[in-house]
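**Student:** coordinates only, sequence not included:
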């Protein structure tokens with residue numbers, strides 16, 4: 001269970017409270033929730049108690065940061 005008692009559904013955005021990173025929920029594998037960074041990249045595992053649903057502001061901030069980095073040529 002997440003910090004709020006419910007695992008976020010696959011396809012929604014969540015925050016890893018250990019790092020503050022926003023990711024797309026890709027799945028639930030064993031005791032972990034798998035998140036992928038906004039814009040793609042390598043998935044990482046989070047314990048359910050360290051994950052919470054991302055707010056709209058957090059999701060948009062992460063997407064904007066990715067697009068800005070992409071426009072500067074910092075990400076493929």
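**Tutor:** On my side now, so go ahead. If you're wondering where the values come from, they're calculated on a predicted model, not measured in any experiment.
**Student:** who's in contact with stretch 21-29?
**Tutor:** The contact list for stretch 21-29 (CB atoms under 8 Å, 6 or more residues apart in numbering) reads 7-16, 33-38, 43-45, 54, 58-59, 61-62. Every residue, glycine included, has its C-beta placed from N, CA and C.
**Student:** off-centre distance for it?
**Tutor:** Its chain's C-alpha centre and that of stretch 21-29 lie 5 Å apart, by CA atoms, centre = their mean, to the nearest Å.
**Student:** before we move on, the earlier item: tell me which entries of the contacts of stretch 21-29 lie within strands.
**Tutor:** 13-16, 33-37, 44-45 (DSSP state E).
**Student:** in the protein, where is pLDDT below threshold?
**Tutor:** 1-5 (pLDDT under 70).
**Student:** help me confirm that residue 64 is found in a helix?
**Tutor:** Yes - when classified by DSSP: H, G, I helix; E, B strand; the rest coil, residue 64 is found to be part of a helix.
**Student:** show me where this protein has helices.
**Tutor:** Assigned by DSSP state H, the chain shows helices spanning 56-71.
**Student:** give me the most central residue, it.
**Tutor:** Centre of the chain computed as the mean C-alpha position; nearest residue by CA atoms, centre = their mean is residue 23, 1.4 Å away.
**Student:** good, we can wrap up now.
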